[in-house]
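# sequence first, predicted coordinates after that:
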Amino acid sequence: MPSLYEVLDQLQFITHELAVLGLFLTGGLIVLMRDWRASLLALLAQYVLAGLILSRLVLPEIALIKVLVGALICPMLYLAARQAGWRTDRVTRHISNDNRERGQDVFPAGRAFRLLAMTLMALLAVTLSRTYPLPHIPPAVGLGSYWLILIGLLILMLTEEPLKAGQGLLTIIIGFELLYTTIERSLAMVWLWGAINLLLALAIAYLAVVRDDGSPESDL
């Protein structure tokens with residue numbers, strides 16, 4: 001079985017433009033998809049794509065650390081969702097009507113509104129990348145960073161559910177790290193950001209488990 005480093009090396013044919021396009025796609029999936037498993041897969045893909053981008057800008061070891069952090073965070077959130085009672089079938093325990101309605105309200109806004117808001121964020125990201133280009137950073141990478149930060153903010157504005165809101169917060173951090181890591185390449189700072197990400201993921205997982213909303217997976 002190939003290591004993560006070998007996988008990153010095999011994916012070197014993916015250009016910055018293709019990787020940023022992937023970031024747009026994964027960010028959009030987190031906004032549009034109610035299925036928590038699909039959202040977590042999209043989040044993991046964001047970490048992999050961010051690692052691919054960084055592998056061309058900084059030391060490959062730094063990029064690998066970013067991917068490893070994502071590979072730890074996403075299973076952690078998956079286990080938290082399962083512990084909270086989100087299964088592939090309907091939850092067997094009794095759930096009150098009030099709690100069920102609240103569980104369905106992961107994204108109160110309709111899909112059409114979310115699609116419109118996501119389009120506006122994409123236009124804003126393009127405008128910011130052209131108006132305020134980031135020094136010493138390829139334009140495509142700057143666009144991807146703006147997009148991740150904006151789409152993460154959108155997710156935070158659209159939901160109060162801890163697991164989904166946590167994905168938005170982690171998306172913002174991925175976007176910020178794309179910028180910060182190209183400026184500050186110290187391994188100590190890389191490990192510090194990794195620790196911050198893991199602690200934040202632990203907090204998100206804890207809130208997802210203790211939140212007594214009884215949200216079944218079929219309602220997400």
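Now that the structure is in, tell me what you want to look at. Numbering: from 1, shown residues only.
# okay, and residue 202 sits in which element?
Counting by DSSP states H and E, the element that carries residue 202 is helix 187-210.
# how distant is that helix from the center of its chain?
Distance of helix 187-210 from its chain centroid, counting by CA atoms, centre = their mean, to the nearest Å, is 13 Å.
# what about residue 133, how many neighbours?
Neighbourhood size, residue 133 [other CB atoms under 10 Å]: 12. To be clear about C-beta, it is placed using only N, CA and C from the backbone, and glycine gets the same treatment.
# swap that for residue 25, please
Applying the criterion other CB under 10 Å, we find 13 residues in the vicinity of residue 25.
# buried residues of the helix or strand that contains it, list them for me.
Under the criterion DSSP H and E, the helix or strand holding residue 25 is helix 16-32. Of the residues in helix 16-32, those buried under the neighbour-count criterion (16 or more other CB atoms under 10 Å) are 16, 19-24, 26-31.
# low-scoring stretches of this protein, by residue?
1-13, 85-109, 212-220 (pLDDT under 70).
# list the contacts of the helix holding residue 202.
In this structure, residues lying in contact with helix 187-210 by CB atoms under 8 Å, 6 or more residues apart in numbering are 61-62, 65-66, 68-69, 72-73, 76-77, 79-81, 83-84, 162-163, 165-166, 169-170, 173, 177, 180-181.
# mind listing the helices for this structure?
With DSSP state H, the ranges of helices along the chain come out as 4-10, 16-32, 36-55, 60-83, 97-104, 111-131, 139-158, 162-183, 187-210.
# okay then, goodbye and thanks.
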